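Asks: Pasted the sequence and its predicted model underneath.
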Amino acid sequence: MKIVVCIKQVPDSAAKMTVENGRVSWGDAQLVMNPWDEFAVEAALLQKEALGGDVTVISIGKEEAKEALKTALAMGCNEAVLVSDPALANGDSLAIAQTLAAAIKKIGGVEMAFFGRQAIDGDMGVTSVMTARLLGWPMISLAASIKVNAGSVRVERSIEEGRQVVEGNLPVVLSASKDIGEPRYPSFMGIRKASKANIPVWKLADLGISSVPQSIIRWPSVAEAPVREVVTEMVTGGSAQEIAEKLADKILAEKVL
Ligand SMILES: Cc1cc2nc3c(=O)[nH]c(=O)nc-3n(C[C@H](O)[C@H](O)[C@H](O)COP(=O)(O)OP(=O)(O)OC[C@H]3O[C@@H](n4cnc5c(N)ncnc54)[C@H](O)[C@@H]3O)c2cc1C
């Protein structure tokens, strides 16, 4: 089974985001693999273990995105590819999806392509769906468990109300929910292997894309979230009982309960 997993490098979730001159900045915070994509890598590796085959991890980004790719290699992916081209600098989700679809086609023979449910910086949650549309493959989102059987896939989806079972044919695009299982830690051997990995860099021309379409979604402005006024009040008293009673009265008075 030939499997692909698409990952994005994003600022660490603890990074302090600011807006400077209309651009989002995260200062010198660390860049990491998008946390939702760790579940996608786990899903891909579980399928490799169940069915055999190999997993190729792809990221579109700058040279530093190789670090996120190395994390995926250290977790157990077999190959990694970075797609990096200045023409993608202001690309929207459609441009990213067209590039990923072309990369998946170039790899060839892929039967399952995994994505995270969304990127924690852009939060669009559409790249997987658009890529599936461009490939002409079915798309199944929020997979909690996956079983492949003779050219088709049976997926249990995690939805708010419970679980839903859906089926589709291979090749398929899937996004992973966190119920797929805790992402594994990179092994020591994996880290050593990944540190020596030679990661090829593909340009758009290598994918047969001569020009990226102009973004049909533009970002006219970006603003920081308004600061919320928070007032802190310490509840004091002579005993735990007295403090608890005072606290309960305040909660009731504020209609929190
Ligand atoms: C400098 C800059 C300018 C931009 N300008 C625009 C603009 O003008 N208009 C606009 O709409 N957007 C713009 N973007 C946003 C960018 O195109 C988004 O990253 C893209 O739309 C994907 O959306 P998302 O990040 O919300 O991913 P989601 O759709 O939330 O991601 C879902 C999943 O898709 C996969 N994925 C997403 N991105 C990648 C990637 N790069 N490589 C591999 N897999 C990936 C991951 O599995 C991820 O979990 C800009 C970004 C930058 C850095």
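Replies: Arrived safely, thanks for sending. Numbering: from 1, shown residues only.
Asks: Show me what from the stretch 151-257 of the chain comes close to the ligand.
Replies: Within the stretch 151-257 of the chain, the residues that sit near the ligand (CB under 6 Å from any ligand atom) are 215, 217-219. Glycine gets a C-beta too; all of them are placed from N, C-alpha and C.
Asks: Counting neighbours, which bits of the longest strand along the chain end up buried?
Replies: Taking DSSP state E as the criterion, the chain has its longest strand at strand 139-149. Across strand 139-149, burial judged by 16 or more other CB atoms under 10 Å covers 139-146, 148.
Asks: secondary structure element for residue 59?
Replies: Element membership of residue 59 [criterion: DSSP states H and E] is strand 54-60.
Asks: what's that strand in contact with?
Replies: With contact meaning CB atoms under 8 Å, 6 or more residues apart in numbering, strand 54-60 is reached by 2-9, 41, 44-45, 47-48, 65, 68-69, 72-73, 76-84, 88, 96, 99-100, 103-104, 107, 110.
Asks: Show the average pLDDT along stretch 5-23.
Replies: Computed over stretch 5-23, the mean pLDDT rounds to 90.
Asks: What of stretch 244-257?
Replies: Mean predicted confidence for stretch 244-257 is 91.
Asks: pretty sure residue 32 belongs to a strand, no?
Replies: Yes: under DSSP: H, G, I helix; E, B strand; the rest coil, residue 32 sits within a strand.
Asks: Residue 87 and residue 9: what is the separation?
Replies: 19 Å (CB to CB, to the nearest Å).
Asks: Okay, now the unreliable bits of the stretch 1-150 of the chain?
Replies: Applying pLDDT under 70 to the stretch 1-150 of the chain flags no residue at all.
Asks: just the residues of it that are near the ligand, which are they?
Replies: Within the stretch 1-150 of the chain, the residues that sit near the ligand (CB under 6 Å from any ligand atom) are 6-8, 34, 36-37, 40, 58-61, 89-93, 96, 115-116, 118-119, 121-128.
Asks: What pLDDT is listed against the residue in the stretch 151-257 of the chain that the ligand sits nearest to?
Replies: At 3.5 Å from the ligand, residue 217 is the closest residue in the stretch 151-257 of the chain, using CB to the nearest ligand atom. On the pLDDT scale, residue 217 is placed at 85.
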